[in-house]
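K.L.:
Dropping a prediction and its sequence here:
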Amino acid sequence: MRSVAAGFLMLVLAPVYGQTTVYKFWVELNDKENNGYSIDKPEAFLSQRSIERRQKQGIAVTYQDLPITPAYREGIEKLGVQVLHSSRWFNSVTIQCINDTSLLKDIRKLPYVKGTRLLYMKVESENPPKSPDAMMEFMLSMNAPKKPDNESEYGFGFGQADMLAGDELHNLGHKGQGIVIAVLDAGFYKVDEMEVFDKMREEGRLLGTYDIVKKDTLVYEDDMHGMNVLSCMASLLPGQMIGTAPSASYWLIRTEDNFSEFPIEESNWIAGAEFADSAGADVINSSLGYTRFDEKTLSYTYKALNGTSLISRAATRCAGVGMIVCNAAGNEGDGDWRYIGVPADADSILTVGGVDIYREHSSFSSYGPTSDGRIKPNVCAQATATFVASSKGKFYPSQGTSFASPVMCGMVASLWSAHPTKTNMEILKAVEQSADRYSHPDNTFGYGIPDMLIANRLLGGDPNFDYTQDQWLQEINPEYYDQIPVHFYSSKAQTMTLVLRDHKGRKVRNMSFNLKEGEFLLYTLTDLPNSKKGLTLDITLNGELKTYDLKKSEN
């Protein structure tokens, strides 16, 4: 790390006279000695809710959770630079200096500094950014229908919730209540005054705001992207728009500066994630991702998408402290990059790809796998013609995995509200298992489109399901397309055997499943022979044979 930073300094970091050039660096520290904190007293640096989230899931507070040593921060600041924020998890600070980078040499000589890394270098303008209102007016003039094309109380939000059986989960009373969602984004324009968020504000479920970019709490004058994202989850305006977690509580955290693309935003993301952790958030929605930067030498390559970048390690760390991260897969599917970015490549998070209203892949939705071969995205939700709110009190269809992610995130929160004693990994696993491609995932859809009623059933929370009886979750259809779902609930330990035969009785496929008591089998037979004369499927369960004569549908 040190040698890379030093070489780059010699090439490009000379001051530009007559202009204001801002530099930002990641400064990694050696240790946390004499920092005044103890893992035995976490209440000094974590909220009670954060501590309780760990305790419920059997997660210990560790050395990595401890804040950095205050004296180290003070020593760096005394050299004349501004410390923007610090990282507990990576024992580092992010600093800023104006025009002059010579102080960096003195910082790197400090005995407690391990190394530095360039995050940002730009000549900054004093011109204020334009209001999002002009763009909003354009979007509405092009796309906004006058009223929903359905009679549901979900209004414009019906299709994207219904695709995941989200409205049915809500009908069981599970709407995200008791769950805290932290939204990391670029700004939350006019969320403080929009009618669609009135209930959230009136009921005290808007827990707070934090602008990490500007180091204040003012997020309502910035970019509209975060507001659009929030509307997918938090909207509660019956007949017009209901989101996928209308009863959850929210933290709004600005980490993204939409006017440039540099690794400083990854540092901001880490700071936002650590804030979310310390504030006691359960779920993070991150409709953000990084691949290429304004300074090309800082950009990622596909090879780097193996979960080892700082931001991806931070996302994995979020999982390690009991949170669930929902992250957009990215919109590079039809571009020259094509693949996901960071932190979408992180392990143990829910990377969300995009589909259209017909459940087909959105052409722009980024593909996996990670460079080390893991399936990505994990699941999919609606990303084409996803309805979002506007600051003008109207709703319009937008597109991007930026909106698939919060649609899914809200459903994850609603599912967790039904099962508050389950761990984050149990919730994540149930969501994946409920998806329509779980037995045959790929790097376009991941495990597919989840069904939240099935996920709820998998977790033992369906009041209309008899867990004491064997039962088929879906009947075998003798007319098939190219796959046959074999979905079965086993109330006891037993073996199921499947034998697929061609029209001459020859075995085409032969497999068996040793089912445990209370196990759901969610298997799908795929890549079936295209036989005009049909196939035969023998299913043997508890010694009883049942035969299905299958015929390829002409439809």
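P.N.:
Alright, I've got the coordinates.

K.L.:
Name the nearest residue to residue 410, ignoring sequence neighbours.
P.N.:
Distances taken as Cβ to Cβ, 6 or more residues apart in numbering put residue 244 closest to residue 410, at 2.8 Å, once the chain neighbours are dropped. C-beta here means a position set from N, CA and C on the backbone, and glycine is covered the same way.

K.L.:
What count of nearby residues applies to the one you found?
P.N.:
Residues lying near residue 244 (other Cβ atoms under 10 Å) number 31.

K.L.:
for the stretch 201-350 of the chain, what spans make up the strands?
P.N.:
Here the stretch 201-350 of the chain has its strands, by DSSP state E, counting those that start in this stretch, at 206-211, 236-237, 241-242, 249-254, 283-286, 324-328, 350-355.

K.L.:
And stretch 495-512, what's buried?
P.N.:
496, 498, 499, 500, 501 (16 or more other Cβ atoms under 10 Å).

K.L.:
any idea of the mean pLDDT in that stretch?
P.N.:
Averaging pLDDT along stretch 495-512 yields 92.

K.L.:
Repeat that for stretch 413-429.
P.N.:
Taken as a whole, stretch 413-429 carries a mean pLDDT of 98.

K.L.:
low pLDDT regions in the stretch 101-250 of the chain?
P.N.:
Under the criterion pLDDT under 70, the flagged ranges of the stretch 101-250 of the chain are 125-131, 133-144.

K.L.:
Following the chain onward from the helix of greatest length in the chain, which element is next?
P.N.:
In the chain, assigned by DSSP state H, the helix with the most residues is helix 401-418. Using DSSP states H and E, the helix or strand that follows helix 401-418 in sequence is helix 424-433.

K.L.:
how big is the angle separating that following helix from strand 350-355?
P.N.:
Per axes from the mean of the first three to the mean of the last three Cα atoms, to 10 degrees, the angle that helix 424-433 makes with strand 350-355 is 20 degrees.

K.L.:
how about the following helix or strand past helix 424-433: buried residues?
P.N.:
Downstream of helix 424-433, the first helix or strand assigned by DSSP H and E is helix 452-458. Neighbour counts over helix 452-458 (16+ other Cβ under 10 Å) mark 452, 453, 454, 455, 456, 457, 458 as buried.

K.L.:
what residues does helix 452-458 touch?
P.N.:
Here helix 452-458 makes contact (Cβ atoms under 8 Å, 6 or more residues apart in numbering) with 164-166, 168-169, 172, 174, 411, 414-415, 418-419, 430-431, 433-434, 462, 465, 473, 520, 522.

K.L.:
where exactly do the helices run in the protein?
P.N.:
Using DSSP H, the helices assigned to the chain run over residues 2-12, 48-56, 70-78, 103-109, 133-143, 158-162, 166-171, 198-202, 225-234, 264-279, 310-320, 401-418, 424-433, 452-458.

K.L.:
neighbours of residue 462, just the number please.
P.N.:
There are 17 residues near residue 462, going by other Cβ under 10 Å.

K.L.:
Out of the buried residues of helix 452-458, flag the one nearest to residue 342.
P.N.:
Proximity of the buried residues of helix 452-458 to residue 342 (Cβ to Cβ) peaks at residue 455, which lies at 27.1 Å.

K.L.:
Number of residues surrounding the nearest residue in space to that closest one that is not next to it in sequence?
P.N.:
In space, and not counting its chain neighbours, residue 455 is closest to residue 434: 3.9 Å by Cβ to Cβ, 6+ apart. Look at residue 434: counted by other Cβ under 10 Å, it has 27 neighbours.

K.L.:
can I assume residue 434 is in contact with residue 448?
P.N.:
No: counting by Cβ atoms under 8 Å, residue 434 stays clear of residue 448, with 9.1 Å between them.

K.L.:
Of the buried residues of stretch 495-512, just say which sits nearest to residue 206.
P.N.:
If you rank the buried residues of stretch 495-512 by distance to residue 206 using Cβ to Cβ, residue 496 comes first, at 49.4 Å.

K.L.:
Using the record's domain definitions, break this structure down for me.
P.N.:
Using automatic domain parsing, the domains assigned to the chain come out as 2-123, 152-458, 471-552.

K.L.:
Tell me how far the first one lies from the chain's centre.
P.N.:
Between the mean C-alpha point of domain 2-123 and the mean C-alpha point of its chain there is a distance of 26 Å (Cα atoms, centre = their mean, to the nearest Å).

K.L.:
And for the shortest one?
P.N.:
Centre-to-centre, domain 471-552 and its host chain are 34 Å apart (Cα atoms, centre = their mean).

K.L.:
give me every residue that touches the residue nearest to residue 471 when sequence neighbours are not counted.
P.N.:
Leaving aside its sequence neighbours, residue 471 sits nearest to residue 489 (Cβ to Cβ, 6+ apart; 5.2 Å). By Cβ under 8 Å, 6+ apart, the contact set of residue 489 is 465, 467, 470, 471, 472, 473, 519, 520, 521.

K.L.:
from those residues, which single one is nearest residue 154?
P.N.:
Nearest to residue 154 among the contacts of residue 489: residue 465, at 24.3 Å, using Cβ to Cβ.

K.L.:
That closest one: what's its closest spatial neighbour, skipping adjacent residues?
P.N.:
Leaving aside its sequence neighbours, residue 465 sits nearest to residue 457 (Cβ to Cβ, 6+ apart; 5.4 Å).

K.L.:
How about residue 422?
P.N.:
Among residues not flanking residue 422 along the chain, residue 459 sits closest, at 6.1 Å (Cβ to Cβ, 6+ apart).

K.L.:
State the pLDDT value of that neighbour.
P.N.:
For residue 459, pLDDT reads 96.

K.L.:
I'd like to know how many residues surround it.
P.N.:
21.

K.L.:
which strand of the protein spans the most residues?
P.N.:
For the chain, the longest strand by residue count, based on DSSP state E, is strand 113-123.

K.L.:
Give the partner strands of that one in its sheet and their orientations.
P.N.:
Note on strand 113-123: by DSSP bridges, its sheet partners are strand 21-29 (antiparallel).

K.L.:
tilt between the longest strand of the chain and helix 310-320?
P.N.:
120 degrees.

K.L.:
mind listing what's buried in strand 113-123?
P.N.:
Using 16+ other Cβ under 10 Å as the test for burial, strand 113-123 gives 113, 115, 116, 117, 118, 119, 120, 121, 122.

K.L.:
Could you dump the buried residues of stretch 495-512 into JSON lines with distance to residue 149 added?
P.N.:
As requested, the buried residues of stretch 495-512 are exported to JSON lines (distance: Cβ to Cβ, whole Å):
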{"residue": "496", "distance to residue 149": "43"}
{"residue": "498", "distance to residue 149": "42"}
{"residue": "499", "distance to residue 149": "46"}
{"residue": "500", "distance to residue 149": "42"}
{"residue": "501", "distance to residue 149": "46"}
